[in-house]
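Undergrad: okay, predicted coordinates and the sequence, questions at the end:
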Amino acid sequence: VPGGGNVLYLDGHVRWLRYPSDRFPMTENSARLFGRYDRPFNGY
């Protein structure tokens, strides 16, 4: 388990962020939100 991930920013640099963190997108709320993309949104 890596315990984090690489985040690619729009200016092209990459930063490793630990999970969980207080920096987006490695927050627990972000993980809950992004976890929804593995299934349809009830027809939307």
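TA: All right, it came through fine.

Undergrad: for the worst-scoring helix or strand of the chain on mean pLDDT, list the C-alpha coordinates in PDB.
TA: Here the helix or strand of the chain ranked lowest by mean pLDDT, DSSP states H and E is helix 28-34, holding a mean of 83. Only the C-alpha atoms of helix 28-34 are listed here, as PDB (Å, rounded to 0.1, in the frame of the first residue of the first chain):
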ATOM      1  CA  GLU A  28     -10.800  11.700   3.100                       C
ATOM      2  CA  ASN A  29     -13.700  13.700   1.600                       C
ATOM      3  CA  SER A  30     -12.100  13.700  -1.800                       C
ATOM      4  CA  ALA A  31     -11.600   9.900  -1.600                       C
ATOM      5  CA  ARG A  32     -15.300   9.500  -0.800                       C
ATOM      6  CA  LEU A  33     -16.300  11.800  -3.700                       C
ATOM      7  CA  PHE A  34     -14.000  10.300  -6.300                       C
END
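
Undergrad: list the buried ones in it?
TA: Residues of helix 28-34 include none that count as buried (16 or more other CB atoms under 10 Å). For glycine as for every other residue, the C-beta is placed from the backbone atoms N, C-alpha and C.

Undergrad: hmm, who's touching it?
TA: Contacts to helix 28-34, defined as CB atoms under 8 Å, 6 or more residues apart in numbering, come from residues 19, 20, 24, 25.

Undergrad: strands along this structure, start to end?
TA: Ranges of strands in the chain, per DSSP state E, are 4-8, 14-18.

Undergrad: the last one to strand 4-8, inter-axis angle?
TA: Just to be clear, that refers to strand 14-18. 150 degrees (axes from the mean of the first three to the mean of the last three CA atoms, to 10 degrees).
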